[in-house]
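1. Quick one: sequence plus predicted model below, questions after.
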Amino acid sequence: MLNVYVLLLLTFCSFSTYASHISDLWLNIKQTLTDTWKSDQYELYIPANTWHNRATYDKDKIDSYNERPWGIGAGVYRFDKNGDWHALYIMEFQDSHNVIEPFAGYGYQTYWRPTENQKLRFGIGYTIGITARRDYNWIPFPAPLPLASIEYDRLSIQSTYVPGIKHNTGNILFTWLRWQL
């Protein structure tokens, strides 16, 4: 019977520690989002290119798709004490079928700065957003995606890759310009 009490005590202690870590993580996420939301630095987003991976699409599909995603977006951003970028943004663009697609999310990137002047940066990170598409009956769905960028001063060429799980879906490289105002 003593073993049962010891096991219950260990389980409770483990759960309490786990709950404490979850609570700390949630507080950190809330603080990061709050700090970013309150920033007075703004960005403009201009969609530039949508590339459907030729190895995963039939030629007739590629020929029928739009790869010029005209649109626009805006966001608020900040650099943290480590020089990492955080942003909250909204964007709309024409999807592969020439239909407007909205996207809103949070973006994060850490940087490699190869020169001393700090103006040239190579970034890698992620975005967590929500979007909706006509071909999914406008039902909103989450979109956690990788981010990469090449930046100089206030101008960035930023991209994400939308993975696909079957032939003729996903596997899209989406690229936009980001200008820090």
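-> Now that the structure is in, tell me what you want to look at. The model shown is predicted, which means the values in this text are computed figures rather than measured ones. Numbers count the residues shown, from 1 in each chain.
2. which residue is nearest the middle of this protein?
-> Nearest to the mean C-alpha position of the chain, by Cα atoms, centre = their mean, lies T127 at 1.3 Å.
3. shouldn't that residue be in contact with Y106?
-> Yes - T127 lies in contact with Y106 (Cβ atoms under 8 Å); the separation is 6.7 Å. Where you see a C-beta, it was placed from the backbone N, CA and C, and this is true even at glycine.
4. For this structure, which segments count as helices?
-> Along the chain, the stretches classed as helices by DSSP state H are 2-37, 59-64.
5. Tell me the spacing between G83 and Q118.
-> Relative to Q118, G83 is positioned 8 Å away (Cβ to Cβ, to the nearest Å).
6. do the same with P144
-> As judged by Cβ to Cβ, P144 and Q118 stand 29 Å apart.
7. repeat for Y106
-> 24 Å.
8. And the two? Which one has more around it.
-> The residue with more neighbours, out of Y106 and Q118, is Y106; 18 against 11, by other Cβ atoms under 10 Å.
9. hey, what's the more buried one bridged with?
-> Applying DSSP bridges to Y106 gives these bridge partners: L88, I128.
10. G123 too?
-> Beta-bridge partners of G123, counted by DSSP bridges, are Y111, S149.
11. Now do it, the pLDDT please.
-> Note for G123: predicted pLDDT of 98.
12. can you check the one 3 residues further on too?
-> The confidence metric pLDDT takes the value 98 at Y126.
13. How about L10?
-> Confidence score, pLDDT, at L10: 52.
14. And for I157?
-> 98.
15. By mean pLDDT, show me the worst of the helices of the chain.
-> When the helices of the chain are compared by mean pLDDT, helix 2-37 comes last with a mean of 72.
16. give me every residue that touches the residue nearest to L177 when sequence neighbours are not counted.
-> Leaving aside its sequence neighbours, L177 sits nearest to I46 (Cβ to Cβ, 6 or more residues apart in numbering; 4.5 Å). For I46, the contacting residues are G71, I72, G73, W176, L177, R178, W179, by Cβ atoms under 8 Å, 6 or more residues apart in numbering.
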